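Novice: Any chance you can model this:
(one chain, ligands or ions: 2)
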Amino acid sequence: MLRASSSLLQGVAFGVGAAATLVAVVLAYTRRRERRELAAVQAAAEKKRAAGEIFDLKARSFSPVADTALGRWREAVQMIRKHVSKKHPQGLDCELVMLGDVRIESVFMFVVAHLSEYAPKAGRRNKMDLGADDGGYQREYNQLLGAQDAILQDIVRSAAGDTISTAFLRAGPRSELHFEPSAVRAAIVTCGGLCPGLNNIIQGIVRTLISLYGAQQVLGVRGGYQGFDEASSPPIELTLDVVDGIQKMGGTFIGSGRGSFDLEKTFQFLKRHSICQLYVVGGDGTHRAADKIAEEAKKRRLNIAVCGVPKTIDNDIDMLDRSFGFDTAVAEAQLAIRSAQVEARCNLPNGIGIVKLMGRSSGMIAVHATLCSGEVDLCLVPEVPVVTDGDRGCLQHLERVLEQKGSAVVVVAEGAGEDVLGTSAIVDAGGNRKLPELGLWLKDQIVAHFKSKGKPATVKYIDPSYMIRSVPANAADSIYTELLAQNVVHGAMAGYTAFSVGMRNNRLVYIPIGAMVKNSPRQMDPHGQTWERVISVTRQPNTVPPKAKKEPA
Ligand SMILES: Nc1ncnc2c1ncn2[C@@H]1O[C@H](COP(=O)(O)OP(=O)(O)OP(=O)(O)O)[C@@H](O)[C@H]1O
Ligand SMILES: O=P(O)(O)OC[C@H]1O[C@](O)(CO)[C@@H](O)[C@@H]1O
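Specialist: Ligands and ions are numbered 1, 2, ... in the order given. All right, here's what the predicted structure looks like:
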């Protein structure tokens, strides 16, 4: 019995020993295989390094779990596999190179003010369709956003670049509502020049407030900030019926204006109508005033959200990918450019068509219309010096174009030419400087120049300025305005204030108004790629002086 059990034990011991040996052999084999794979990866890395490519296996970001090269490699591969399968469920048939020198170590978000800093909140849970009559349609949002949902401001990264990034708060519905929706009384005001899509914004805000959230009342302030003085123009109630179909019309249903802004009258209006959400739609001037309203509301500890929607066809508001209406304006400008081209081509000999486009301090419309058209031979913008005479002058350039093509098309931004024609001291009600008429002046210069050369030119001048901004929004702008309208309301309902909504890196974000207006109006960088592309298309001489070299510190 004893003998039997001892031989059984010997058998078991032998079996365990054999199994252990087998495991050891398999482990050794696996380790050897991993080492071989690591060696192959390291050799590949060395090769890439030798070829000048960045491939850093010793990147610090993979160090927390293991400190051997093998551990780091396995960790990196696991991380990348996990990341890839999240983004691309089918996997990826390609190689990924780790950029060892490109890192984001910390992210700093622009702080958006919140009313709960000083005012009581309703604290109600957000659901979709709170405005549905019987509540039967209410359901959870597909995605609710939180305080740390961020959109990076700087998506361009390089080996020598910063290792930090600033970020914006991602726009969208939040889980908790600051306002009791059924008690919300809101007002909308549109200020400054017209812009395609204003009616879409009004309609979108009204529909989101009433249909989605069940707000009590929305008022439209008439004719811009001056409409807060009700003696001259009482507000209009914006119901779902009233705003039905307005997106098909150009302009703004409630009127706009550059009239004077009166803080006291504004607060009297807000109090009289018990407004707790104010939506201001306008350019940088409008937003500066909105910031003052938000500041004053805070000083008075009023539970009023002041929210902006940036509007300008000039596309000169800082931090945004683009402002709504810009796309439509550029498309509409094509009609004028095409007409100018037809006139130039058919008026023999030496036909020249000049088109004046809007853009007070920024030539964005002119530049984008030029890039879009493919028929423009000269583009003049406020950011680039206007040179008429000499080798690099536009008159000689036009001479060359006429010799080659027989006709020429010129696009002039309205703000161009102060460098040659001087700056006016005259300002409008909004404090905007009167601009020189460079296009008309250039027309005379061209006629005189070609006459003196014995080659008379026929110059046709087209000014479609107001025609490109008074049309309804095109498809791209209609979608954009819908996103802006829905998201500005989500922000207000959540209790954010003194913010504006906009597109940054193709995502909707909330931007503190103070930060947004600080560098607005923005201008095109004359040393950037956009202007270079214009030069490539028009072949005009580049009159931008070379960039001043930075002195070593
Ligand atoms: N710094 C400011 N402080 C207070 N109110 C301002 C300020 N700047 C402009 N406003 C007011 O905002 C309104 C619109 O301003 P402005 O005429 O400059 O247009 P904008 O908003 O910049 O739009 P656009 O791009 O069409 O010019 C005007 O009624 C003006 O009184
Ligand atoms: O003639 P208005 O209505 O003052 O508007 C002209 C200005 O408005 C803008 O279109 C900006 O909204 C500028 O490009 C232009 O200088």
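
Novice: Which one of the residues in the stretch 351-500 of the chain is closest to ligand 2?
Specialist: Met358 (3.4 Å; CB to the nearest ligand atom). For the C-beta atoms, the positions are set from N, CA and C on the backbone; glycine is no exception.

Novice: Likewise for the chain?
Specialist: Nearest to ligand 2 in the chain, going by CB to the nearest ligand atom, is Gly193, at a distance of 2.9 Å.

Novice: Show the backbone phi and psi for that residue.
Specialist: phi -70, psi 160 (degrees, to the nearest 10).

Novice: so Tyr141 is in which element?
Specialist: Using DSSP states H and E, Tyr141 falls within no helix or strand.

Novice: near ligand 1, which residues of the stretch 251-400 of the chain?
Specialist: Contact residues (CB under 6 Å from any ligand atom) of the stretch 251-400 of the chain with ligand 1: 258-261, 282-286, 288-289, 292, 312, 314.

Novice: So Asp318 is in contact with Asn519, correct?
Specialist: Yes - here Asp318 lies in contact with Asn519, judged by CB atoms under 8 Å, at a distance of 4.2 Å.

Novice: on that earlier part again, any idea of the pLDDT on the residue of the chain closest to ligand 2?
Specialist: pLDDT, Gly193: 95.

Novice: quick one: the nearest residue to it once chain neighbours are set aside from Thr252, how far?
Specialist: Leaving aside its sequence neighbours, Gly193 sits nearest to Arg469 (CB to CB, 6 or more residues apart in numbering; 6.6 Å). Distance of Arg469 to Thr252, given as CB to CB, to the nearest Å: 11 Å.

Novice: Now the common contact residues for the two.
Specialist: By the contact definition CB atoms under 8 Å, 6 or more residues apart in numbering, Arg469 and Thr252 are jointly contacted by Leu194.

Novice: Which one's more surrounded, these two?
Specialist: Each of Arg469 and Thr252 has its neighbours counted (other CB atoms under 10 Å); Thr252 has more, 27 against 24.

Novice: I'd say that one and Asn199 touch.
Specialist: Yes - between Thr252 and Asn199 there is a contact under CB under 8 Å: 6.3 Å.

Novice: residues in contact with the helix or strand harbouring Ile201?
Specialist: According to DSSP H and E, Ile201 maps onto helix 198-207. Helix 198-207 is contacted by residues 186, 188, 190, 218, 220, 238-240, 242-244, 246-254, 256, 279, 281, 309, 311, 324-325, 472-473, 477-478, 481-482, 484-486, 488-489 when judged by CB under 8 Å, 6+ apart.

Novice: next structured bit after that helix?
Specialist: strand 217-221.

Novice: ok now that next one, how far from the chain's centre?
Specialist: Counting by CA atoms, centre = their mean, to the nearest Å, strand 217-221 is centred 27 Å from the centre of its parent chain.

Novice: Could you check it against ligand 1 for contacts?
Specialist: No - against ligand 1, strand 217-221 shows no contacts by CB under 6 Å from any ligand atom, the least distance being 11.6 Å.

Novice: Using CSV, write out the CA atom coordinates for that strand.
Specialist: The C-alpha coordinates for strand 217-221 follow below in CSV (Å, rounded to 0.1, in the frame of the first residue of the first chain):
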residue,chain,number,x,y,z
GLN,A,217,-41.5,83.0,-24.0
VAL,A,218,-39.0,84.3,-26.4
LEU,A,219,-38.8,88.0,-27.4
GLY,A,220,-37.1,89.5,-30.4
VAL,A,221,-35.5,92.9,-29.7
